[in-house]
Structure formats: structure tokens, C-alpha cells
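Enquirer: take a look and give me a structure for this.
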Amino acid sequence: MEIDELTAAEVRVWRAFATGALVDFRETPEEDPAGGGTWGPERTVRAEVVRTLLLNGPQMDGEVAALSLAGARITGFLDLQYATVDHPVRLRHCHFEEVPRLYACRLRELNLSESVLPGLVAHAMRVDGVLRMTRSRFQGPVRLGGAEITGSVYMESAEVAAPDADEPVLQLNQAALGADLWAPGLRTRGQIRLNGASVAGSLNLNEARLANPGLPALDAETLGVEGHLLLRHAEVRGWVGLRGARIAGRLDLSYTRLSHPDGAVLRVGSATIGELWLRKGGPLEGALSLRRAQLDVLYLEPEKVPERVHLSGLAYTTLTPHEPAERRLPMLEREGDGYVPQVYEQLTAAYRRIGDDRAARQVQLAKERRHRGTLPWYGRVWGHVQDATVGYGFRPLRAAAWLLSLLAVGSVVYALHHPAPLKADEAPPFNPVFYTLDLLLPVISFGQEPAYAPEGWYQALAYGLVLTGWILATTVVAGVSRTVSRQ
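Expert: Modelled structure (predicted):
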């Protein structure tokens with residue numbers, strides 16, 4: 001391309017390229033590039049001129065050539081597929097008429113901040129530096145699947161909207177980022193796909209607004225993040241999927257509103273996460289699925305728990321903030337998979353690790369009561385007996401109260417009406433207290449019960465005391481066994 005084939009605006013860009021000087025066509029710094037379709041030839045640059053400069057532009061000894069352009073209307077199709085560009089590319093505040101195609105190209109730096117584009121095709125692109133799309137507005141999908149960025153990707157306050165597209169509006173699946181994905185204030189209408197992506201730093205989506213109602217708003221299956229994944233003070237309409245993700249730091253959803261009433265709104269199954277924070281911002285609107293997740297710290301406020309949870313296989317070391325068992329148990333009762341013993345054991349272990357044995361016993365008692373509902377009728381009857389007598393062994397003082405009450409009743413009754421001796425000349429002197437103890441305690445014998453034979457109603461009372469004694473003894477033994485096993 002010869003210089004005499006260029007327009008006046010393109011000549012300015014051509015001459016500035018060799019030194020990397022900025023060419024700024026804007027009339028005011030506040031100018032909105034969304035209206036760039038009406039800009040005239042005085043600030044229009046053809047895409048073929050941009051391509052020629054990047055691949056074979058003029059260079060000057062001692063200078064770093066770069067394309068640095070602001071406030072331009074870029075017309076035509078910018079095609080850099082498979083190209084290697086050794087110069088920084090800065091196209092800020094620009095208006096693109098067609099979707100740039102950067103498939104499998106290699107760049108040193110790409111800056112599209114504050115620009116308006118109909119989309120971006122950059123699958124498998126490599127950037128040996130940073131990719132900046134701060135406050136950029138995309139009116140179609142941004143395809144960065146398989147991209148390799150050695151530095152960070154910046155998308156602060158960017159907007160990506162393609163509501164009629166059948167594909168995700170922001171694709172970073174299988175992408176590899178050498179630093180951060182920095183996108184606080186991001187706005188999307190459609191799905192964000194991060195499946196299989198790896199982020200060596202942190203992923204910041206604080207104050208983001210992600211909308212894809214009834215569908216995945218953020219799908220990040222097997223995502224790997226070496227730092228934190230921050231989604232604080234955000235609003236998400238649609239579900240968030242992190243199945244199989246690995247987040248070394250904190251997954252922070254504090255003050256965030258998640259809404260997907262038709263199913264699981266947060267899906268963290270089989271993920272490995274350092275800390276999961278669910279706090280403030282009201283309860284989740286939709287189910288919470290943490291099946292088989294591995295967490296070091298679960299920061300979960302009871303007010304954040306939705307009406308349905310899926311916790312089967314969840315493992316965590318620390319549960320915070322510390323709450324009484326009465327505040328935590330309703331979460332286990334909302335288990336969508338029915339009675340899952342493991343979730344009770346996990347909560348029990350968390351309480352024992354911090355030395356709250358009383359709360360641990362309450363959780364175990366709630367587990368037995370929940371289990372009782374799964375038994376046949378005779379098992380439920382026996383369960384009610386154990387619950388009423390000694391609280392399944394977790395309230396052993398009840399047994400003492402029952403024994404003392406029955407001892408008092410039996411002693412008074414038999415003191416007022418002595419049973420007849422079987423052999424008057426051999427029977428020991430009658431003692432109503434020890435006679436009642438003989439009936440209640442199935443192992444110990446004071447020689448009273450075999451020497452006397454009550455009749456009528458008093459015999460029925462004796463049978464009742466014997467039967468009750470066996471039940472109490474059985475439940476006490478069960479309770480002692482549980483106590484020993486806990487120790």
C-alpha cells in the first residue's frame with residue numbers, strides 16, 4: 001500500500017506509527033464512541049490500513065513502532081488471523097463497524113479500552129503482555145476460547161451483550177492467563193463461559209451485573225484459580241456453575257444476590273476451594289449445591305441458606321461464624337436428597353474441633369430423629385422410646401430421672417401393700433426400696449424379687465417395672481457406648 005492511496009486521516013496514522021505517537025481524533029475527552037457510525041472521513045481509518053501497518057509498517061531506528069489510535073472510526077474487516085504482530089496495538093475510544101478477527105494471532109499488547117465493537121473473534125490468540133478491554137462495549141460475542149495471555153486481562157466496567165446469540169457472550173474456556181482476570185463492574189447479557197480456564201492470579205468480578213435468566217450466567221466448570229475468585233456486591237440472574245473448579249484462595253460471594261428460582265443457583269459440586277464465603281445480601285434465590293465439594297473454610301451465615309440445599313459428600317474443616325446448633329440444623333433439614341447421615345457427621349465434627357460438645361450432641365440427636373423417620377413402624381416406636389428415655393444416649397440424665405421416678409412409685413406402692421412371700425420361713429425381711437430396685441435393674445439382685453410374689457394389679461406393676469428396667473438399661477448402654485466412641 002502506497003502513501004498516496006491513503007486519506008488525510010490515514011496519513012496521520014501512518015506517519016505516527018514509526019515512533020509510536022498517539023493519534024487522537026476526539027473532539028472532547030468525554031466523547032461517546034457509540035456514535036462513531038456518523039463520524040466523517042476526517043477521522044475514519046480503513047481496517048486494511050491498520051493491517052498493513054501492523055504487518056509491514058514503516059519503522060525508524062531508535063524508535064519503538066506502535067499503533068496508538070484514539071477516537072477513530074475503523075471501517076471494513078480487520079483480519080489478523082495467524083498473524084504475528086511485533087508492535088503494541090492501542091485502539092482506544094474507537095468505533096469498529098465489523099468484528100475484528102484475531103484467530104490464533106500473536107501480539108505483544110492489545111488495548112481496546114473504551115471502544116465500541118460488534119464483537120471479537122480471538123480464539124487461540126496469544127498476547128505476550130496484557131489485554132485491556134476496560135469499559136469496552138461489545139454488541140456481540142467476545143470469543144477468547146483457548147487464548148493465552150501472559151499478563152492480565154482487564155475488563156473493568158466492560159459491557160458484553162448478545163441476547164439473541166445461541167452461544168456464550170463471553171468465551172474464555174480453556175484460556176490461560178498468566179496473572180489476573182480483572183473485571184469489577186462487568187456487565188453481561190448472556191452466558192460467560194470459563195470452562196477449563198486457568199488463572200494464575202485472581203478473578204475479580206466485584207460489583208458485576210450478570211444476566212442470563214433461567215440459564216447459566218457464569219459457567220466455569222473445572223476452572224483453576226491460584227488466587228481468589230471475588231464476586232462481591234454483585235447481582236447474578238441465572239445460575240453460577242463451578243463444578244470441579246480449583247480455587248486456591250477465597251470464593252467470596254459476600255453481599256451478592258444470586259437468583260435462579262427454578263433450580264440450583266450455585267453449583268459447586270466436586271470443587272476444591274480454600275474458603276467459600278456466603279454472607280450478607282439475603283438468602284440465595286434457588287438451591288445451593290455443594291455435593292462432594294472440598295473446603296478448608298466454609299463461611300456461611302444461616303440467613304444466606306436457601307430453602308433447598310444439596311450437601312451430600314461435602315467436606316469442610318472449619319465452619320464459621322460460630323452459631324448454636326439450633327441455627328445450623330435447619331440447613332440440614334432442607335437437604336434435597338433426603339436423609340444424608342454424612343452431613344450431620346460433618347457438622348458434628350466441626351463443632352467438636354472447636355470444643356463445643358453440647359452443640360455436637362444436639363446435632364447427633366437431630367441425626368437420630370431424622371433417621372427415625374426412615375424406619376418401619378416398629379423401628380420408629382423403639383426410636384421414640386429411646387428418645388423419650390435418654391435422648392438416644394445423648395441425654396443420659398433422663399435415665400436417672402426415669403429410674404428415680406419409677407423407684408419412688410414402686411417403693412410407695414409396695415410399702416403400702418407388701419407382696420406375699422413364696423416361702424415365709426426362708427424369705428428375707430421385705431424392703432420396698434430394694435424390692436423395686438430388684439425389679440428395675442436386670443443385672444443386680446438384692447434377693448428381694450425372687451422371694452416375693454405380688455398378685456393382681458401389683459403383679460402387673462412388677463412386670464411393667466421389669467420391662468421398663470430392661471428398656472432403660474438398653475438405652476443407657478447404647479448411650480454409654482456412644483460416649484465412649486466419641487471419646
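
Enquirer: buried set for stretch 158-176?
Expert: Of the residues in stretch 158-176, those scored as buried under the neighbour-count criterion (16 or more other C-beta atoms under 10 Å) are 158-162, 168-176. Glycine gets a C-beta too; all of them are placed from N, C-alpha and C.

Enquirer: out of those, which two sit at the greatest distance?
Expert: Maximum pairwise distance among the buried residues of stretch 158-176 (C-beta to C-beta): 26.2 Å, between Ala161 and Ala176.

Enquirer: contacts only, for the closest residue to Leu290 other than its chain neighbours.
Expert: Here the nearest residue to Leu290 in space, its sequence neighbours aside, is Leu314; by C-beta to C-beta, 6 or more residues apart in numbering that works out to 4.6 Å. By C-beta atoms under 8 Å, 6 or more residues apart in numbering, the contact set of Leu314 is Leu290, Arg291, Arg292, Ala293, Leu295, Val343, Gln346.

Enquirer: pLDDT wise, what is Leu314 at?
Expert: The confidence metric pLDDT takes the value 95 at Leu314.

Enquirer: any regions of the stretch 151-300 of the chain where pLDDT drops low?
Expert: Counting by pLDDT under 70, the stretch 151-300 of the chain shows low-confidence ranges at 163, 165.

Enquirer: on that earlier part again, gap between the residue nearest to Leu290 and Leu472?
Expert: When distances are taken as C-beta to C-beta, to the nearest Å, Leu314 and Leu472 turn out to be 37 Å apart.

Enquirer: same check on Ala34?
Expert: Taken as C-beta to C-beta, the span from Ala34 to Leu472 is 81 Å.

Enquirer: same question, Arg358
Expert: If you measure Arg358 against Leu472 using C-beta to C-beta, the figure is 23 Å.

Enquirer: could you do Leu465 as well?
Expert: Per C-beta to C-beta, Leu465 is found 10 Å from Leu472.

Enquirer: shared neighbours of these two, anything?
Expert: When contacts are counted by C-beta under 8 Å, 6+ apart, Leu465 and Leu472 have Leu440 as shared neighbours.

Enquirer: residue contacts, the residue nearest the centre of the chain?
Expert: With the centre of the chain defined as its mean C-alpha position, the nearest residue by C-alpha atoms, centre = their mean is Val268, 4.9 Å away. If a contact means C-beta under 8 Å, 6+ apart, then Val268 has Leu242, Arg243, Ala245, Leu251, Leu276, Ser289, Leu290, Ala293 as its contacts.

Enquirer: strands - which of the residues you listed land there?
Expert: Among the contacts of Val268, the members found in strands (DSSP state E) are Leu251, Leu276, Ser289.

Enquirer: may I see the residues you listed organised as a markdown table, with distance to His87 and neighbour count added?
Expert: Converted to a markdown table, these look like this (distance: C-beta to C-beta, whole Å; neighbours: other C-beta atoms under 10 Å):
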| residue | distance to His87 | neighbour count |
| --- | --- | --- |
| Leu251 | 39 | 25 |
| Leu276 | 44 | 24 |
| Ser289 | 48 | 25 |
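
Enquirer: among these, which one sits closest to Pro324?
Expert: Within these, proximity to Pro324 (C-beta to C-beta) peaks at Leu276, which comes in at 21.3 Å.

Enquirer: help me confirm that that closest one comes into contact with Tyr299.
Expert: Yes: checked against C-beta atoms under 8 Å, the pair Leu276 and Tyr299 is within contact range at 6.7 Å.

Enquirer: I'd like the distance from stretch 117-135 to the chain centre, please.
Expert: 29 Å (C-alpha atoms, centre = their mean, to the nearest Å).

Enquirer: kindly export that stretch (C-alpha atoms) in CSV.
Expert: Output in CSV follows, covering the C-alpha atoms of stretch 117-135 (Å, rounded to 0.1, in the frame of the first residue of the first chain):
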residue,chain,number,x,y,z
LEU,A,117,-17.2,-3.2,18.8
PRO,A,118,-19.9,-5.5,17.3
GLY,A,119,-17.9,-8.5,18.8
LEU,A,120,-14.5,-10.0,18.8
VAL,A,121,-13.1,-13.3,17.4
ALA,A,122,-9.8,-14.1,19.1
HIS,A,123,-9.8,-17.9,19.7
ALA,A,124,-6.3,-19.3,20.5
MET,A,125,-4.8,-15.8,20.4
ARG,A,126,-1.5,-15.2,22.3
VAL,A,127,-0.7,-11.9,23.9
ASP,A,128,2.8,-11.6,25.3
GLY,A,129,1.7,-8.9,27.8
VAL,A,130,-1.7,-7.6,28.8
LEU,A,131,-5.1,-7.5,27.1
ARG,A,132,-7.1,-4.4,28.0
MET,A,133,-10.8,-4.0,27.4
THR,A,134,-11.6,-1.6,30.1
ARG,A,135,-15.1,0.0,29.7
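
Enquirer: what's the mean pLDDT across it?
Expert: Stretch 117-135 comes out at a mean pLDDT of 97.

Enquirer: how near is the residue lying farthest from the centre of the chain to Ala451?
Expert: Note on the chain: the largest separation between a C-alpha and the mean C-alpha position, by C-alpha atoms, centre = their mean, falls on Asp425 (79.2 Å). The spacing between Asp425 and Ala451, counted by C-beta to C-beta, is 11 Å.

Enquirer: over to Gly129?
Expert: For Gly129, the distance to Ala451 equals 99 Å [C-beta to C-beta].

Enquirer: more neighbours: which of these two?
Expert: When neighbours are counted by other C-beta atoms under 10 Å, Ala451 comes out ahead of the other of Gly129 and Ala451, with 19 against 16.

Enquirer: tell me the contacts of the closest residue to the more buried one other than its chain neighbours?
Expert: Across the structure, with C-beta to C-beta, 6+ apart as the measure, the residue nearest Ala451 apart from its sequence neighbours is Ala427 (4.2 Å). Under the criterion of C-beta under 8 Å, 6+ apart, the contact list for Ala427 reads Pro421, Ala451, Tyr452.
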